[in-house]
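> Need a 3D model of the following:
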Amino acid sequence: MATPMAASQFIKALEDEGVDVREYRSWRTHNRNHKGPWSDLNGVVIHHTAGSNSLALCYDGMVGLPGPLCHTHLAKSGLATMVGYGRANHAGSFPANAFNAMKSESSTHPRPSGPETVDGNAHTYGIEIENLGNGKDFYPTKQYDAAVRWASAICRFHGWTADSVIGHKEGTTRKIDPKGPVGAADGPQFDMDQFRKDVAARLKTKDEAPAPTKPATPSKPATSAKPTVDLSNLIAAARRDPGLKQGGTTHAADVKVVEAALKAEGLLAAAYASDGSFGSSTVAAYRKWQQKCGYTGSAADGIPGKASLEKLGAKRGFKVRA
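Residues are numbered from 1 along each chain as shown. You can find the predicted model right below:
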């Protein structure tokens, strides 16, 4: 059993795992805690939304089932949006055999049976993955990968194995989710055993770096590799960070590289040159760089483009991944 991670720790854990995260409305204080505690956490539950355009629904809930309906909504694009922190109406009640298998991290997850006496909402994290749930609507690879990363982030934070992750259909006989093909319309059906294998592989891959090998012969001193920034990450940060609270970041590592380059160009004040936030000051500085490159009008909007970013990278020592 574990104490819930703080909201800020939740965000950081997901970002460190490579999840593209967005914060929605007042998610940090949006919960059902007045109905009971969210404590002694034991696992992670995977759901599908059984509908489309369901972000607001996951936040607000519906008649008879108030929101939040999960902690994170996962769009087809792979964007993870935080909608709740605390007790959420996502799991409902579980029979003891299903809950105990998750709690004990059993390698076998039995078919749920018996009276559903365990309050799943009190002890689990939940994600709603955007999918119609009709067995035909597919989970794009990017969305599936984000779900694996989301579950892995939580397991890594708490020191849990992948067997702390179950599908809603494994926790109760009342549900069928997650359901649907993965990767393409004719892909394999969403299988929780495979999902857990993918989570386990991710936890192992990130945790176990290969041992360094000693060179057989003396080599020349290594030159520092040029950092590489991701264009899509920078675009997302430039669009999102100005609206966040002071100091809020989306892709801090990429942004810091560009901030340092803009500072070196004399376009960004030192006070903003290493905070990792592509806020209004950085947007304004990048606009000046675009204008310096000869762009005008809407082409100089402060949002990085491939050509201008590569030109900045060539001059200031970084590479661009488009």
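> Would you map the helices across the stretch 51-200 of the chain?
55-60, 96-103, 141-158, 168-171, 192-207 (DSSP state H, counting those that start in this stretch).
> Please point out the stretch among the ones you listed with the lowest average pLDDT.
When the helices of the stretch 51-200 of the chain are compared by mean pLDDT, helix 192-207 comes last with a mean of 90.
> ok and that helix relative to helix 141-158, angle-wise?
If you take axes from the mean of the first three to the mean of the last three CA atoms, to 10 degrees, helix 192-207 sits at 60 degrees to helix 141-158.
> Just give me the neighbour total for the closest residue in space to residue 16 that isn't next to it in sequence.
The shortest distance from residue 16 to any non-neighbouring residue, by CB to CB, 6 or more residues apart in numbering, is to residue 153 (7.0 Å). All C-beta atoms are positioned from the backbone trio N, CA, C, and that covers glycine. Residues near residue 153, counting by other CB atoms under 10 Å, number 28.
> does residue 153 really touch residue 13, like I thought?
Yes - judged on CB atoms under 8 Å, residue 153 makes contact with residue 13 at a distance of 4.3 Å.
> Kindly check the end-to-end length of stretch 287-305 for me.
11 Å (CA to CA, to the nearest Å).
> How far does it sit from its chain's centre?
30 Å (CA atoms, centre = their mean, to the nearest Å).
> what's next to it, contact-wise?
231, 234-235, 238-239, 258, 262, 265, 267, 282-286, 307-308, 311-312 (CB atoms under 8 Å, 6 or more residues apart in numbering).
> again with stretch 67-77
By CB under 8 Å, 6+ apart, stretch 67-77 touches 10, 14, 24, 27, 30-32, 47, 49, 54-55, 57-61, 80-85, 88-90, 125-130, 140, 142-143, 146-147, 150.
> try stretch 132-140
48-52, 76-78, 129, 131, 147, 176-185, 187, 189-190.
> ok, now with 10 Å
Stretch 132-140 is contacted from outside by 47-52, 74-78, 129-131, 144-147, 175-187, 189-190, using CB atoms under 10 Å, 6 or more residues apart in numbering.
> One more: stretch 236-244?
Against stretch 236-244 from outside (CB under 10 Å, 6+ apart): 20-23, 79, 230, 247-252, 254-255, 258, 275-284, 286, 301-304.
> Endpoints of it, how far apart?
12 Å.
> In it, which of the residues would be classed as buried?
236, 237, 238, 240, 241, 242, 244 (16 or more other CB atoms under 10 Å).
> Stretch 264-274 now?
So stretch 264-274, judged by 16+ other CB under 10 Å, has buried residues 267, 268, 272, 273.
> which ones are touching the first one?
Meaning residue 267. Neighbour list for residue 267: 259, 261, 273, 282, 284-289, 291-292, 312 [criterion: CB under 10 Å, 6+ apart].
> switch the cut-off to 6 Å
By CB atoms under 6 Å, 6 or more residues apart in numbering, residue 267 lies in contact with 285, 288, 289.
> closest to residue 170 among these?
The shortest approach to residue 170 among those belongs to residue 285, at 50.2 Å (CB to CB).
> hmm, back to that, and the helices of the stretch 51-200 of the chain as TSV, adding distance to residue 68?
Listed next are these as TSV, based on distance: least, CB to CB, whole Å:
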stretch	distance to residue 68
helix 55-60	6
helix 96-103	21
helix 141-158	16
helix 168-171	16
helix 192-207	23
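> Which one, of these, ends up nearest to residue 322?
Judging the helices of the stretch 51-200 of the chain by CB to CB, what sits closest to residue 322 is helix 141-158, at 16.2 Å.
> mind saving the C-alpha coords of that closest one as PDB?
Taking C-alpha atoms only, helix 141-158 is exported to PDB below (Å, rounded to 0.1, in the frame of the first residue of the first chain):
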ATOM      1  CA  THR A 141       0.200   3.300 -31.700                       C
ATOM      2  CA  LYS A 142       1.000   6.700 -30.200                       C
ATOM      3  CA  GLN A 143      -2.000   6.500 -27.900                       C
ATOM      4  CA  TYR A 144      -1.200   3.000 -26.800                       C
ATOM      5  CA  ASP A 145       2.400   3.900 -26.200                       C
ATOM      6  CA  ALA A 146       1.300   6.900 -24.100                       C
ATOM      7  CA  ALA A 147      -0.900   4.600 -22.000                       C
ATOM      8  CA  VAL A 148       2.100   2.200 -21.400                       C
ATOM      9  CA  ARG A 149       4.200   5.200 -20.400                       C
ATOM     10  CA  TRP A 150       1.400   6.600 -18.100                       C
ATOM     11  CA  ALA A 151       1.100   3.300 -16.200                       C
ATOM     12  CA  SER A 152       4.900   2.800 -16.100                       C
ATOM     13  CA  ALA A 153       5.300   6.300 -14.600                       C
ATOM     14  CA  ILE A 154       3.000   5.400 -11.700                       C
ATOM     15  CA  CYS A 155       4.600   2.000 -11.100                       C
ATOM     16  CA  ARG A 156       8.100   3.500 -11.200                       C
ATOM     17  CA  PHE A 157       7.200   6.200  -8.700                       C
ATOM     18  CA  HIS A 158       5.800   3.700  -6.200                       C
END
